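**Q** no FASTA, just this:
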């Protein structure tokens with residue numbers, strides 16, 4: 001028995017004043033209306049209507065039940081309207097998951113800008129280093145980084161790509177010297193960043209000579225890029241940092257880029273969600289916003305990285321250029 005539908009019929013019969021009128025308004029039959037009310041009475045074990053050939057009258061139980069039905073059906077209608085509007089207007093809580101580092105550097109600033117456009121959306125952001133099971137319903141959308149995605153039933157949108165660079169502290173470089181080639185890293189302390197996207201102890205450096213693969217080990221291993229930034233600043237060794245985690249340190253001089261012609265760990269950034277069917281407006285507009293916003297931010301950071309790397313290179317070669325420029329003057333002084 002469809003209790004909710006029978007409740008709708010009962011209310012309509014009372015409002016219309018007869019089974020026939022109710023049947024006409026619902027595009028049904030008088031017999032179907034009568035059966036629905038009889039099923040409801042049998043289910044409740046109570047008479048709701050006193051019937052005669054000329055009129056219907058509510059019983060005492062029917063009066064109380066009618067009032068309850070009207071409230072229930074109003075709530076159901078409101079719930080259906082809200083659910084339908086969720087596909088038309090961004091509103092309500094957007095439950096989001098992101099890998100920790102990219103969440104801090106890219107997702108949180110993007111949330112601020114997104115909510116300026118859609119203030120009726122609230123955000124519940126979870127940061128962690130594991131991929132959630134979106135089919136469990138713990139999140140509406142996930143933002144992850146990966147070299148590529150395995151086949152799955154998830155809907156994915158590629159939002160852009162970034163990479164990592166090698167960094168050390170100025171103090172470490174003064175103490176241990178500058179590596180001039182990937183092979184030189186074997187004589188240095190290599191700090192390990194353990195992430196879901198790449199093997200922790202295998203570095204693949206892409207540079208002018210192509211790709212060079214090497215096995216590394218070191219005294220410190222962490223699983224969050226921001227923690228590795230601290231270890232590098234403390235002079236513990238050379239480590240891999242995503243561009244977004246390295247930018248501030250390179251800008252304020254607490255980090256130096258090592259082997260600036262090489263990059264590592266090219267990774268794509270993806271938005272994932274469970275289904276293409278009935279995607280609500282807040283998820284749809286959030287993903288669309290990221291697809292427009294994030295490539296601009298990634299391009300900005302890439303340009304800044306190139307600028308900072310060139311500045312570091314200029315500062316490194318400046319003393320050499322100055323000494324070369326002084327050499328003819330010194331020779332002339334000696335000749336005289």
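**A** Nice, I can see it. Quick caveat, the model's predicted, so the values are computed rather than measured.
**Q** who touches the nearest residue to residue 237 once chain neighbours are set aside in this structure?
**A** Take residue 237 and drop its neighbours on the chain: the residue closest to it by C-beta to C-beta, 6 or more residues apart in numbering is residue 189, 3.1 Å away. All C-beta atoms are positioned from the backbone trio N, CA, C, and that covers glycine. If a contact means C-beta atoms under 8 Å, 6 or more residues apart in numbering, then residue 189 has 172, 176, 218, 219, 236, 237, 238 as its contacts.
**Q** Point out where the protein drops to low pLDDT.
**A** The model of the chain has pLDDT under 70 over residues 53, 81-88, 132, 135-137, 276-278, 317-336.
**Q** can I assume residue 119 sits in a helix?
**A** No. Judged by DSSP: H, G, I helix; E, B strand; the rest coil, residue 119 forms no part of a helix; its state is coil.
**Q** How much space separates it from residue 113?
**A** Going from residue 119 to residue 113 by C-beta to C-beta, to the nearest Å gives 12 Å.
**Q** Need the three-state assignment for residue 65.
**A** State at residue 65, reduced to three classes by three-state DSSP: helix.
**Q** what about it, neighbour count?
**A** Neighbours of residue 65 under the rule other C-beta atoms under 10 Å: 21.
**Q** So it versus residue 72, what's the distance?
**A** Between residue 65 and residue 72 the distance is 10 Å, computed by C-beta to C-beta.
**Q** try residue 41
**A** With distances taken as C-beta to C-beta, residue 41 is found 17 Å from residue 72.
**Q** mind checking the SS state of the residue most central in space within the chain?
**A** Averaging the C-alpha coordinates of the chain gives a centre point, and the residue nearest to it by C-alpha atoms, centre = their mean is residue 143 (2.7 Å). The assignment at residue 143 comes out as strand when based on three-state DSSP.
**Q** Show the contacting residues for it.
**A** Applying C-beta under 8 Å, 6+ apart, we find residue 143 in contact with 96-99, 102-103, 106-107, 159, 269-272, 290.
**Q** 6 Å - rerun?
**A** Listed by C-beta atoms under 6 Å, 6 or more residues apart in numbering, the contact partners of residue 143 are 98, 107, 271.
**Q** that's a helix at residue 211, yeah?
**A** No. Going by three-state DSSP, the assignment for residue 211 is strand, not a helix.
**Q** can you tell me the helix or strand for the residue lying closest to it once chain neighbours are set aside?
**A** Among residues not flanking residue 211 along the chain, residue 204 sits closest, at 5.6 Å (C-beta to C-beta, 6+ apart). Following DSSP states H and E, the helix or strand that holds residue 204 is strand 202-207.
**Q** so how far is that strand off the chain centroid?
**A** Mean C-alpha position of strand 202-207 versus that of the full chain (C-alpha atoms, centre = their mean, to the nearest Å) differs by 27 Å.
**Q** Sheet-wise, list the partners of it with their directions.
**A** According to DSSP bridges, the neighbouring strands of strand 202-207, each with its direction, are strand 210-215 (antiparallel), strand 263-273 (antiparallel).
**Q** so which of those comes closest to residue 312?
**A** Shortest separation from residue 312 across the strands paired with strand 202-207 is recorded for strand 263-273, at 15.0 Å, computed as C-beta to C-beta.
**Q** List the buried residues of the strand holding residue 204.
**A** Within strand 202-207, the residues that qualify as buried by neighbour count (16 or more other C-beta atoms under 10 Å) are 203, 204, 205.
**Q** Look up how far residue 258 lies from the second one.
**A** When you say that, I think you mean residue 204. Counting by C-beta to C-beta, the gap between residue 204 and residue 258 amounts to 15 Å.
**Q** follow-up on the earlier one: so in terms of bridging, what pairs with the residue nearest to the centre of the chain?
**A** With beta bridges defined as DSSP bridges, residue 143 has these partners: residue 98, residue 271.
**Q** how close does it sit to residue 231?
**A** When C-beta to C-beta is applied, the distance between residue 143 and residue 231 equals 25 Å.
**Q** Equivalent analysis for residue 177, please.
**A** Here the distance between residue 177 and residue 231 works out to 19 Å (C-beta to C-beta).
**Q** same question, residue 34
**A** Distance from residue 34 to residue 231, counting by C-beta to C-beta: 79 Å.
**Q** who's more crowded, residue 177 and residue 231?
**A** The residue with the greater number of neighbours, taking residue 177 and residue 231 and applying other C-beta under 10 Å, is residue 231; the counts read 21 against 11.
**Q** so how far is residue 184 from the more buried one?
**A** From residue 231 over to residue 184 the distance is 20 Å, taken as C-beta to C-beta.
**Q** Partner strands of the longest strand anywhere in the chain and their direction?
**A** In terms of residue count, the longest strand belonging to the chain (DSSP state E) is strand 155-168. Neighbouring strands of strand 155-168 in its sheet, by DSSP bridges, are strand 238-242 (antiparallel), strand 256-258 (antiparallel), strand 263-273 (antiparallel).
**Q** Excluding chain neighbours, what is closest to residue 43?
**A** residue 1 (6.2 Å).
**Q** My error: substitute residue 267 in the last question.
**A** Beyond its immediate neighbours in the sequence, the residue positioned closest to residue 267 (C-beta to C-beta, 6+ apart) is residue 145, lying 4.5 Å away.
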